[in-house]
Every structure is written in C-alpha cells, then in structure tokens.
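Chemist: no FASTA, just this:
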C-alpha cells in the first residue's frame, strides 16, 4: 500500500475552553460553555493551563513530530463584550501561540467558533437564536482575519453545527417561547448557516490564498437489518443527521426531502430574501470531519413516541438512551461493534465509509479534525498511562484513512486526533480522557 502523501498534515486538536484555563484572566469574560460545563467533573478556570504553558505544550508537539495543530480562539478573549473594543492581551496571546507554532514548523489550523459564545450575547438577544448574532460574528471573524491571517492558512468556521443541533446541552433556547423547540432548532441552524457563509465570504475577500470550511460532526448510519423498512429508516436518518448539513455547506441548498420534513413538522426556518444566495456564495474550500463512531437505526412504528437522546456522561457502560425520531427512525445497538466506556461504537471501517460517502458525492478535500477514543485512564504509581487501547484505536482508523486515499482516491490532506493533551470533556470533564500526550497537571 502507498504511504501517506508527503505533504499530509499530521496534527492534533484541542479547543480553547477545554485547555486554556485562565477563563477570567487578562480581560477575558465568560462564555456559555464556561457556565454550563459539567461541574461535577471539572471547570474551565484552570483546565490544562495551556494559556500559561503553551510553549511547553508546543515543545511536546515537536517531540511527537506533529506538523499541524488545530486549536480554537476564544471569542471572549478577543472581544470580551462580544463586539466593540478589542482586548489586546487576547491578541497578544494568540500571536505568541501562532508564532511559536510556526517557529517549530507546525501549521496552525484555527477554529473560529467552538461552542464558546460570549455569555453577554446569549443574555442580550439569545445568541444564535437571533439574526443579531450575524454582524457580531462577522466582526469577530474580521478581527481574526486581520490580526492572524498573515500566518494562518487554514480556518474552520463553526465546530459541529450538526451536534449543536442534536445535543441540547450545547446550545440554549428560550424558555416559554411561542415557537416549539423543534422550530427554534431549525431557526438557529439557518442563522448559524448564514453566519458560516458570511465568514467564508469574508475570508475569501480578505485572505484569497487561505482555505476555510466547517468542522462537521459526522457518523455513518446503518440499518439494523436488510428489511426495506430499516433501510429506509437509515436513509432518512442519514439525511437528517448528515446530508442536511453537507448540502448546505457544499451545494448551498436545502435538501428537498428536508424541505418537506420541515414543512410537514411546522419547523421551516424563516428564509429571507438573499439568504439562499448568501449560502451558495459561502461554499467552503474543504470539509473538516469530526469522526468518533457510527450509528445504527431501525424502523419505528406509528405507536412509538419521540424521545431525545440521553447521553452517558459518567462512563457507566450501558447508560445511553438512544433517540427516537417519531415516524422516522429509532436508534439501536450494532452487535458487530465494540463500545468504549461511553457506549460509543468503535468502527474504523465506518470512517472509510464516511470518507467515501462524502468525497464521492462532493469531491471536496477532507481534513480529519477530530478522531479519538474517550476512556477512563488509570495512572500507574509512576504517573504513567498505558493506553494500548487508544493506540490500537488510532492505528486502525489511520489504516482506513490510508485505504480510502490509496484505493478509493479520496482526497484527505490531514489528520488531527482528539486530543493533543489532557483536556476537559464538555460532558464528563477530566473523567473522559482522549489525549495522545498525557501530562498530568
């Protein structure tokens, strides 16, 4: 089998609120995730202390042989009030971080928005539930492009828009609203898509040589059996959870079946004149893919009522409750796959399936922006972690990427496993660990 391309980006990933700490230091204010992260396991005030120890961390990256580092910028460190006055201390921190990476021949890959909306904007107008977010988001993007665009070639607009849509803890919706929760979700998704497209357009205008795209959380969806009812349920789930977003990002359009779904379920977003042309104009240069597992679904009968996904936050195996989307599908277990401590089904071949489903349809370059194994690691007396299970997980997934590149001709240009170093899981704090480099602090 051929080796990986010589210019392949060998990276690792983190997000600001999960590693930086210093959450109220040097002018930074709180984000929504600083307030909502699982307090029983950790908080974001210290995290991995990356804010103070980034040079040490970059030295570790160099030791590992990394050639890229995906990190996010904290909106609240750049614009503490969400807009307006720029916080020079925040600019200085990210300038130093980027310069140190480049000095060590490590390509910076910047995520603009990774769940950490300024609390002040959430309280003022409901964050991404309001179109008022768009000019504020674009002002924030403009600051980043103007301050760091001379050295950053790869930008990611919004992390896991699809998961913010699915998982209720990642976004706040108005209580007592006259709109149903479903309607609010689709309105938010439309506004977020407009914000993404506006950022892409601005990047292309200010930084014509840079590349920009989203980081999409994606899982291939399988039918439980070859019963056509299960196959149809899987296809509808694929549309709802994956293709819906891919069509917006890559073709600038709403999938016809999703237009019918939104109309039939009274959740059609408010589409104003010029929205669709903006979305089309904001087509991305590449797709970032966050891949952890696959999903399996089956037919749901007319008698079964809808049920939200209940995720396993504690690491107690078997405590996940699968979602039921009324009239469309219900989640079920795949008996052919092993699971991690959080019930995620481990599926390396699913990554190759995902890469093919997306690339053969859209033929757009792909970057693996997250991939990793969450586990309850045990420290030895020597303060070491012997995580052969994580090594095996990454090895098998890399094998599938290589096969996709060499045998399927898929254009994958980099791999950034989650995560570079110990960091706070959004749902499970430091109990759920992903790191490829453990450095207990």
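Modeler: Nice, I can see it. Not measured: the values here are computed from a predicted model.

Chemist: looking at the chain, which helix or strand does the model trust least?
Modeler: Within the chain, confidence by mean pLDDT, DSSP states H and E is lowest for helix 161-166 among all helices and strands, at a mean of 80.

Chemist: what residues does it touch?
Modeler: Under the contact criterion Cβ atoms under 8 Å, 6 or more residues apart in numbering, helix 161-166 has outside partners 115, 170-171, 185, 188-189, 192-193, 196, 214, 216-218, 241-242, 244-245, 309. The way it works is simple: take the backbone N, C-alpha and C, and place the C-beta from them, glycine included.

Chemist: Tell me which entries of those residues lie within strands.
Modeler: 214, 216, 217 (DSSP state E).

Chemist: Output those residues in TSV, with neighbour count appended to each entry.
Modeler: Output for the ones in strands among the contacts of helix 161-166, formatted as TSV (neighbours: other Cβ atoms under 10 Å):
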residue	neighbour count
214	31
216	24
217	24
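
Chemist: ok, residue 265 - contacts?
Modeler: Residues near residue 265 by Cβ under 8 Å, 6+ apart: residue 182.

Chemist: picking that back up, any chance of a PyMOL selection covering the buried ones in the contacts of helix 161-166?
Modeler: To isolate the buried members of the contacts of helix 161-166 in PyMOL, using 16 or more other Cβ atoms under 10 Å:
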select buried, resi 115+170+171+185+188+189+192+193+196+214+216+217+218+241+242+244+245
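
Chemist: Sitting in helices, which of the contacts of helix 161-166 do you find?
Modeler: Here DSSP state H is the test, and the contacts of helix 161-166 give 185, 188, 189, 192, 193, 196, 244, 245 as lying in helices.

Chemist: pLDDT value on the third one, please?
Modeler: Residue 189 is assigned 95 on the pLDDT scale.

Chemist: That one against residue 269, yeah?
Modeler: Yes: between residue 189 and residue 269 a contact is recorded at 6.9 Å, counting by Cβ atoms under 8 Å.

Chemist: coming back round to it: from the ones in helices among the contacts of helix 161-166, which single one is nearest residue 60?
Modeler: Distances from residue 60 to the ones in helices among the contacts of helix 161-166, taken as Cβ to Cβ, are shortest for residue 196 (32.3 Å).

Chemist: Could you tell me what pLDDT the model assigned to the closest one?
Modeler: Among the per-residue scores, residue 196 holds a pLDDT of 98.

Chemist: Okay, now the unreliable bits of this protein?
Modeler: The chain contains residues with pLDDT under 70 at 1, 38-42, 166-170, 427-429, 431-432, 434-441.

Chemist: now the strands for it?
Modeler: Counting by DSSP E, the chain has strands at residues 9-10, 68-72, 107-113, 154-159, 211-217, 221-223, 287-290, 295-298, 324-325, 329-332, 366-370, 412-415.

Chemist: Nearest to residue 47, out of the ones you listed?
Modeler: strand 68-72 (12.6 Å).

Chemist: so that closest one versus strand 107-113, what angle?
Modeler: For strand 68-72 against strand 107-113, the angle by axes from the mean of the first three to the mean of the last three Cα atoms, to 10 degrees is 20 degrees.

Chemist: Can you give the contact residues for strand 68-72?
Modeler: The contact list for strand 68-72 (Cβ under 8 Å, 6+ apart) reads 9-17, 19, 58, 61, 97, 101, 106-114, 116, 156, 159, 369, 414, 416, 420.

Chemist: Pipe the strands of the chain into JSON lines and attach distance to residue 138 per row.
Modeler: JSON lines is the format used below for the strands of the chain (distance: least, Cβ to Cβ, whole Å):
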{"stretch": "strand 9-10", "distance to residue 138": "27"}
{"stretch": "strand 68-72", "distance to residue 138": "17"}
{"stretch": "strand 107-113", "distance to residue 138": "11"}
{"stretch": "strand 154-159", "distance to residue 138": "11"}
{"stretch": "strand 211-217", "distance to residue 138": "13"}
{"stretch": "strand 221-223", "distance to residue 138": "34"}
{"stretch": "strand 287-290", "distance to residue 138": "20"}
{"stretch": "strand 295-298", "distance to residue 138": "34"}
{"stretch": "strand 324-325", "distance to residue 138": "33"}
{"stretch": "strand 329-332", "distance to residue 138": "37"}
{"stretch": "strand 366-370", "distance to residue 138": "22"}
{"stretch": "strand 412-415", "distance to residue 138": "27"}
